[in-house]
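**Q** Predicted model, plus sequence, below.
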Amino acid sequence: PRDYFYGEIKAEIPQPRRLDRGAGGEQSLNEAAELLANAKFPVIISGGGVVMADAIDECKALAERLGAPVVNSYLHNDSFPASHPLWCGPLGYQGSKAAMKLISRADVVVALGSRLGPFGTLPQHGMDYWPKSAKIIQIDADHKMLGLVKKISVGICGDAKAAAIALTERLAERTLACDASRAERADTIATEKMAWEQELDDWTHERDPFSLDMIEENAKEKTFNGGEYLHPRQVLRELEKAMPQDVMVSTDIGNINSVANSYLRFDKPRSFFAAMSWGNCGYAFPTIIGAKVAAPHRPAVSYAGDGAWGMSLMETMTCVRHQIPVTAVVFHNRQWGAEKKNQVDFYNRRFVAGELDNQSFAEIARAMGAEGIVVDKLEDVGPALKKAIDMQMNEGKTCIIEILCTRELGDPFRRDALAKPVRLLDKYKDYV
């Protein structure tokens, strides 16, 4: 009501106070250090709390003392530098098989600044990788998260940076059980990472029956530019190769965006922005605009499918009006991919409202005063991204890269979310 917004009052506004966050309780830190001292195959999960606490270096120091592989928690690919030899990639949906295989061998897991959310611990790639008998040390600034998702052996309510320092100090002068196998574990880490990179190189397209049908169908079609529809995985690999060193990337909700999790690697924190648990479609583009305002010296790139792009493309005018140059990559596959994948896997290809008939997004971008590039040849993917980022950084221009993709689809978001029902009546037996 308006009368609540008018009138005069006298009020004293208290000054904000900064609350110090410590490393956690002495007893829990000592218990954690004892577990780590006796661990033969420790693994560290580096979560979003590591980024928020500016604890990358401290996480590295702990990992290096242990010789432990470090895996990123789900959608926190920027929580440990990908160039570090102990980095193994993200857990969870469309994550790294190397990370999953290594954590499956763990006898002690340190979840540093991680809620251990279900999306990052559910089976993936046909692997139920979470180590059933491992001791779990969970460190989180929010005590309500400790032991919420996974049973833990030690819970430390503390700041990720302070806790990592405290544990490293406790282990510094000790002889650790894992010291004897340091070289062997380093070889195992390198081997698993190499195998995963080779698999990604060879994984040029999806291999399920629906995707193979769509690849064959698209091979008969030509794009509106006269080119070919491209395989999303090959596109994502080429984009990865062309990314500048200091890039910030946001990803939206959708099938290709989810598959992108396997291909996004970062060396700096605060580089990756994803919609997390709420799955809010249309998230990526406005988010990267905000990131660009906060860090104008860094290249800013958003990923979106054509469905999510339809919810956010009008912000192109915001970029033009307010001179906020960003680069948007739009995967144009003419469908709501995540929803269609569920309809393929759980509803026998009975499609409802999954198709999208779009105009050229590059042309729409040009009409809004931005630049637009259409890509329908694989060799043009990397050069298009580099050109768009050059325009962003040196000319102050926003560019929309429209990549025309096949209708093939990666694994569904939650294979566990739609269990096939048991039909007790004959007339419904085919409705599975």
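**A** Okay, I see it. Since we're looking at a predicted model, the values are computed, not measured. Residues are numbered from 1 along each chain as shown.

**Q** can we go C-alpha only for contacts and neighbour counts from here?
**A** OK.

**Q** Just to check, L146 is in contact with G155?
**A** Yes: between L146 and G155 there is a contact under Cα atoms under 8 Å: 5.8 Å.

**Q** where do the contact lists of the two overlap?
**A** Q138, I139 (Cα atoms under 8 Å, 6 or more residues apart in numbering).

**Q** who's in contact with L418?
**A** L418 neighbours (Cα under 8 Å, 6+ apart): F346.

**Q** Got phi/psi on the residue nearest the centre of the chain?
**A** What sits nearest the mean C-alpha location of the chain, by Cα atoms, centre = their mean, is L75, with 3.0 Å. Torsion angles at L75 (phi, psi; degrees, to the nearest 10) stand at phi 60, psi 20.

**Q** okay but it is in contact with R270, surely?
**A** No: using Cα under 8 Å, L75 is not in contact with R270, being 11.7 Å away.

**Q** quick one: the strands in the stretch 51-200 of the chain?
**A** 70-72, 87-90, 108-112, 135-140, 154-157 (DSSP state E, counting those that start in this stretch).

**Q** What helices and strands are in contact with the second one?
**A** To tie it back to what came earlier, the one meant is strand 87-90. strand 70-72, helix 97-103 (3 or more Cα pairs under 8 Å, 6 or more residues apart in numbering; DSSP states H and E).

**Q** who does that strand pair up with?
**A** Counting by DSSP bridges, the strands paired with strand 87-90 are strand 70-72 (parallel).

**Q** Mind listing residues that contact the partner strand?
**A** 43-47, 63, 78-80, 86-91, 99.

**Q** between these, which is nearest P325?
**A** For the contacts of strand 70-72, the residue nearest P325 by Cα to Cα is D78; the value is 22.5 Å.

**Q** got a list of what the closest one touches?
**A** Per Cα under 8 Å, 6+ apart, neighbours of D78: V51, N72, R265, F266, D267, K268, P269, R270, S271, F272.

**Q** who's M248 bridged to?
**A** A300.

**Q** Around it, count how many other residues there are.
**A** Counted with other Cα atoms under 10 Å, residues neighbouring M248 total 24.

**Q** show me where pLDDT drops low in the protein?
**A** Within the chain, the stretches with pLDDT under 70 are 432.

**Q** mind redoing it with 50?
**A** In the prediction, the chain carries no residues with pLDDT under 50.

**Q** which one's the longest helix in it?
**A** Of all the segments of type helix in the chain, defined by DSSP state H, the longest one is helix 182-202.

**Q** Could you pull out the buried residues of it?
**A** By neighbour count with 16 or more other Cα atoms under 10 Å, helix 182-202 contains the buried residues R182, R185, I189, A190, E192, K193, W196, E197, L200.

**Q** For the stretch 251-400 of the chain, just list every one of the strands.
**A** Under DSSP E, counting those that start in this stretch, the stretch 251-400 of the chain gives strands at 272-274, 300-305, 327-332, 371-375, 399-404.

**Q** Would you enumerate the residues in contact with V51?
**A** D78, S79, P269, R270.

**Q** before we move on, the earlier item: residue contacts, the closest residue to the residue nearest to the centre of the chain other than its chain neighbours?
**A** When the adjacent residues along the chain are set aside, L75 lies closest to A274, with 6.3 Å between them (Cα to Cα, 6 or more residues apart in numbering). For A274, the contact set (Cα under 8 Å, 6+ apart) comprises L75, S250, T251, D252, Y283, A284.

**Q** Check N342 too.
**A** Counting by Cα under 8 Å, 6+ apart, N342 has contacts P412.

**Q** From A419, how far out is it?
**A** 11 Å (Cα to Cα, to the nearest Å).

**Q** The closest residue in space to G25 that isn't next to it in sequence: neighbour count?
**A** Spatial nearest neighbour of G25, chain neighbours left out: I156 (6.9 Å); criterion: Cα to Cα, 6+ apart. I156: 26 surrounding residues under other Cα under 10 Å.

**Q** so who does I156 touch?
**A** Contacts of I156 (Cα under 8 Å, 6+ apart): A23, G24, G25, S28, L29, I137, Q138, I139, D140, L146.

**Q** The last one and S277, how far apart?
**A** Counting by Cα to Cα, the gap from L146 to S277 is 18 Å.

**Q** out of the two, which sits in the busier spot?
**A** Using other Cα under 10 Å, the more surrounded residue of L146 and S277 is L146, with 22 against 10.

**Q** who's in contact with the more buried one?
**A** Counting by Cα under 8 Å, 6+ apart, L146 has contacts R115, Q138, I139, D140, I152, G155, I156, C157.

**Q** Out of the residues you listed, who's the most crowded?
**A** Busiest of those [other Cα under 10 Å] is I139, holding 31 neighbours.

**Q** what's the closest of the strands of the stretch 51-200 of the chain to E206?
**A** Short answer: strand 87-90, nearest of the strands of the stretch 51-200 of the chain by Cα to Cα, at 20.2 Å.

**Q** just to revisit the earlier point, in JSON lines, list the contacts of L146 along with distance to E402.
**A** Compiled in JSON lines, the contacts of L146 are given as follows (distance: Cα to Cα, whole Å):
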{"residue": "R115", "distance to E402": "36"}
{"residue": "Q138", "distance to E402": "42"}
{"residue": "I139", "distance to E402": "42"}
{"residue": "D140", "distance to E402": "40"}
{"residue": "I152", "distance to E402": "46"}
{"residue": "G155", "distance to E402": "47"}
{"residue": "I156", "distance to E402": "46"}
{"residue": "C157", "distance to E402": "46"}
